[in-house]
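S.K.: Quick one, structure for this:
(chains A and B)
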Amino acid sequence: MNMSRPSLLLLSLTAVMALGLGGCATTSPEVSSGPVKYGDAKAVETVTNEFGSTDLQTIAESMARSMLQSRPVTQSRERPLVTIAEVKNKTSEYIDTRAITDSIRAQLLKSGAVRFAVDINAMQNQTDELIRQNQTGMYKKSKSKKIGQMEGADFRVEGNITSIVKRSSDIKDVYYKFSLMLVNVESGVIEWADEKEIRKTTTR
Amino acid sequence: MKRIHAASRYLAVVLAALLAGGCAGTMRSYDSELKQTVGMVSSGHVDQALQELEKNNSAADKDLLYYLEKGELLRLKSQLPESRDAWLLADEKVKIWEEEAKTSPEKLIGNIGSVLINDKTRRYDGQDYEKVMLSTRLALDHLALWNWDAARIEIKKTHEREAIIAELRAREVANVEEDAKQRKVKTEIKDLKGYPVETLDDPEVIALKNGYQSAFSHYLAGFVYEALNEPGLAAPGYRKAIELRPDVKWLEEGLKGLESRARKLKANESDVLIVVEAGSAPARSSVSVPIPVPYKNTWGAVPISFPVIKSDKSVFLPAQLNVDGKNTLSVYQITNIDAMARRALKDDMPGIVLRGTIRAITKTVAQKEAADRSAIAGLLTTIAAIATESADERVWRTLPSHILIARAILTSGRHTIGISGPFGTKTVTADVAGKHTIIPLRLMGSSLYATLPQYPSQLLASSEAVTAEPAATDTTNEAAKSAVKRKTLKQKAKTEPIKGVPQ
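M.R.: This next block holds a predicted model:
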């Protein structure tokens, strides 16, 4: 059976579209011995009123959106180079503030509006790598990255998270306030700041 | 009442079977078993203590307490990988409890066996403070083995475990209150005539926020997160420790210096946390209290056993340490496990009283109904009821009763740490390496044990072998023998690359 080139192309396109619309029909075998299920990572979590995944996502999304609309980002001629400084945890809860800043950074980078310089926590790995390439004698000189070429950040991001917890015999009320600011490294001017408040109340 | 009659018939059969066949768990006196073990450790004979523990746990199926005690004894011998492995097995058992607490808490809150016979028939899941201390002590083992990443996992587990406990206990309190109300049973300790209420109404016990959170666990969390350069997580660790022991003002230094400490540290200096553990956790013993029980328009009194904890006030707690024979370093008592154990009992008492009262009623009905059928059956049921009546004495006894800490900046290299007390002066020589180090010491009776860090060889490059030399007066005990073994540490030190290590 001979098929003309346009009809072959049409058939292929139809097949690709069908796969795209319906998804791949092959199902993976499931191994399960108990009531374990995958859930939506973005689902609203209210298991307890301690700091949870929904709070982290809400703060990161709100802060990234706000920063992307700020003047230093929208009106800069070149994509500004930013670094993350510390977000201080002023609560009594073990909140991983680095997980929040990682999420904010990922969303800002995905937007393409800003670039990030390695922060102080990643600096050791950065210098180790440069030293390895330049001082171990194992790399071609022409192919190794030069020492002294790192770029300094235009802005640094820093902030803090605080909380107020109140309890009575049947109510626990938690209020979180996450504050973030963008500081011009050269001038020391705070160019942008925003806050995100969250209130969670549990009644027994 | 129908429920009581059915239960009493069941109880009569069970009691008769127990009396005929015996039941190791029901009749076991944990206090008597461990008194000897703790005594051996206090006099420096850890090997004998381990043998005693094995002798008392000959069954193939080991319980949680066996692994808890074994991990502690092996730690005292500085057999750190073996201690860690024993505690990891204990942790597997606690994880089963945690899973049940999360998915079916009603299973843990109610248990008919304890109502009918005694609380020892309940599976031992560990006291709440023991579950928290298990992950804290596992973290200490990992730190001594210089595995900071594994220690971080245990530290994180500690606060997750505390949250599970808080949730379950809140439910349990509500359940006991509701059940007691329905059964018209009084669950207050003051209603138990003859019970030593003062042991639980001690100011040290009342001052605690609860029976499972310790300032030491949280301070250690602060220290580990700080060492791993995670100040956002270190701050709540130090803050929680301050909240739990607001009377120890020195704890505030941990939080105040968090931002500047690492910057001020010179290349040859180390931030050293010295942990001094003293004594052994208090025993639970039984006290018999008569419970008034109504039966067919009359009242009788049934003796029911309740657990009691008597505090050991004789434990020596040093106020100062001597470093290198010249500098004195203040050491602060931040965790009192003796008081935590009593607080845990105080919080458990309403449930224990409720179960004891139901048991008293059930036993009375069983005895009377058996006696109505035949005098011999009645007598046998009464004997069995008395024989099986004893409180649950199970607790992790080799756990320290008090934890003290001191913190100092020391130069890398060898240092001598001395403790003076009624036993004279005991010294430990330890090498300090890396930017952060933890040196745990344990005072038990007249013996001083040191669980010194087993540094990777890279860190030891500028230091001599890690040694721990007990005082001259202490050379006959096992602390001295294990110290000699530790002299070979340098040869045994790991050679693989260090990951996630504060250097």
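
S.K.: Just list the residues touching residue B:317, thanks.
M.R.: B:278, B:333, B:402, B:404 (CB atoms under 8 Å, 6 or more residues apart in numbering or on different chains). Heads up, the C-betas are built off the backbone N, CA and C, glycines and all.

S.K.: Apply 10 Å and report the result again.
M.R.: The contact partners of residue B:317, by CB atoms under 10 Å, 6 or more residues apart in numbering or on different chains, come to B:276, B:278-279, B:331-333, B:336, B:401-404, B:421, B:443.

S.K.: Residue B:461 too?
M.R.: Counting by CB under 10 Å, 6+ apart, residue B:461 touches B:433, B:455.

S.K.: Which pLDDT value belongs to it?
M.R.: If you check residue B:461, the pLDDT there is 71.

S.K.: tally of neighbours for whichever residue of chain A sits closest to chain B?
M.R.: Nearest residue of chain A to chain B: residue A:97, at 3.6 Å (CB to the nearest CB). For residue A:97, the count of nearby residues is 24 (other CB atoms under 10 Å in any protein chain shown).

S.K.: Tell me which residues touch it, please.
M.R.: A:56, A:59, A:86-91, A:159-161, A:178, B:230-233, B:235.

S.K.: Which of those residues fall within helices?
M.R.: Among the contacts of residue A:97, the members found in helices (DSSP state H) are A:56, A:59, B:231, B:232, B:233, B:235.

S.K.: which among those gets closest to residue B:169?
M.R.: residue B:233 (25.1 Å; CB to CB).

S.K.: any idea how far the closest one lies from chain A?
M.R.: 6 Å (CB to the nearest CB, to the nearest Å).

S.K.: Can you verify my assumption that that residue contacts residue B:227?
M.R.: No - the criterion here is CB atoms under 10 Å, and residue B:233 misses it with residue B:227 at 11.2 Å.

S.K.: Common neighbours of those two, please.
M.R.: Taking CB under 10 Å, 6+ apart as the criterion, residue B:233 and residue B:227 both touch residue B:152.

S.K.: ok, so of the ones in helices among the contacts of residue A:97, who is nearest residue B:70?
M.R.: Distance to residue B:70 across the ones in helices among the contacts of residue A:97 (CB to CB) is lowest for residue B:233, with 31.4 Å.

S.K.: count of neighbours near the residue nearest to the closest one when sequence neighbours are not counted?
M.R.: Once flanking residues are discounted, residue B:233 sits nearest to residue B:225: 4.1 Å by CB to CB, 6 or more residues apart in numbering or on different chains. Residue B:225 sits with 25 neighbouring residues when counted by other CB under 10 Å.

S.K.: tell me the contacts of residue B:225?
M.R.: Contacts for residue B:225 (CB under 10 Å, 6+ apart) come out as A:89, A:94, A:96, B:152, B:155-156, B:231-238, B:258.

S.K.: redo that, cut-off 7 Å
M.R.: By CB atoms under 7 Å, 6 or more residues apart in numbering or on different chains, residue B:225 lies in contact with B:233, B:234, B:237.

S.K.: Tell me the secondary structure at it.
M.R.: Following DSSP: H, G, I helix; E, B strand; the rest coil, we place residue B:225 in the helix state.

S.K.: can you give me the helices in the stretch 301-450 of chain B?
M.R.: B:337-373, B:375-387 (DSSP state H, counting those that start in this stretch).

S.K.: tell me the contacts of the closest residue to chain A within chain B?
M.R.: Here chain B gets closest to chain A at one residue, residue B:232, 3.6 Å apart by CB to the nearest CB. By CB under 7 Å, 6+ apart, the contact set of residue B:232 is A:86, A:87, A:88, A:89, A:96, A:97, A:98.

S.K.: where are the low-confidence patches of chain A?
M.R.: For chain A, the stretches with pLDDT under 70 are A:1-27.

S.K.: what do you get if the cut-off is 90, keeping everything else the same?
M.R.: A:1-39, A:42, A:45-50, A:76-77, A:85-86, A:120-121, A:124, A:167-172, A:202-204 (pLDDT under 90).

S.K.: And the helices in chain A?
M.R.: A:5-22, A:53-68, A:71-74, A:97-111, A:123-135.

S.K.: and the second one, how far from the chain's centre?
M.R.: For helix A:53-68, the gap between its own C-alpha mean and the chain's C-alpha mean amounts to 9 Å (CA atoms, centre = their mean, to the nearest Å).

S.K.: tell me what that helix is packed against?
M.R.: helix A:97-111, strand A:171-184, strand A:190-203 (3 or more CB pairs under 7 Å, 6 or more residues apart in numbering or on different chains; DSSP states H and E).

S.K.: Also compute the angle for it relative to strand A:171-184, please.
M.R.: Relative orientation of helix A:53-68 versus strand A:171-184 (axes from the mean of the first three to the mean of the last three CA atoms, to 10 degrees): 30 degrees.

S.K.: quick one: buried residues of helix A:53-68?
M.R.: Within helix A:53-68, the residues scored as buried using 16 or more other CB atoms under 10 Å in any protein chain shown are A:55, A:56, A:57, A:59, A:60, A:62, A:63, A:64, A:67.

S.K.: Contact partners for the last one?
M.R.: Right, the one you point to is residue A:67. Contacts for residue A:67 (CB under 7 Å, 6+ apart) come out as A:73, A:108, A:182, A:192.

S.K.: Chain neighbours aside, what residue packs nearest to residue B:398?
M.R.: Using CB to CB, 6+ apart, the closest residue to residue B:398 is residue B:72 (4.0 Å).
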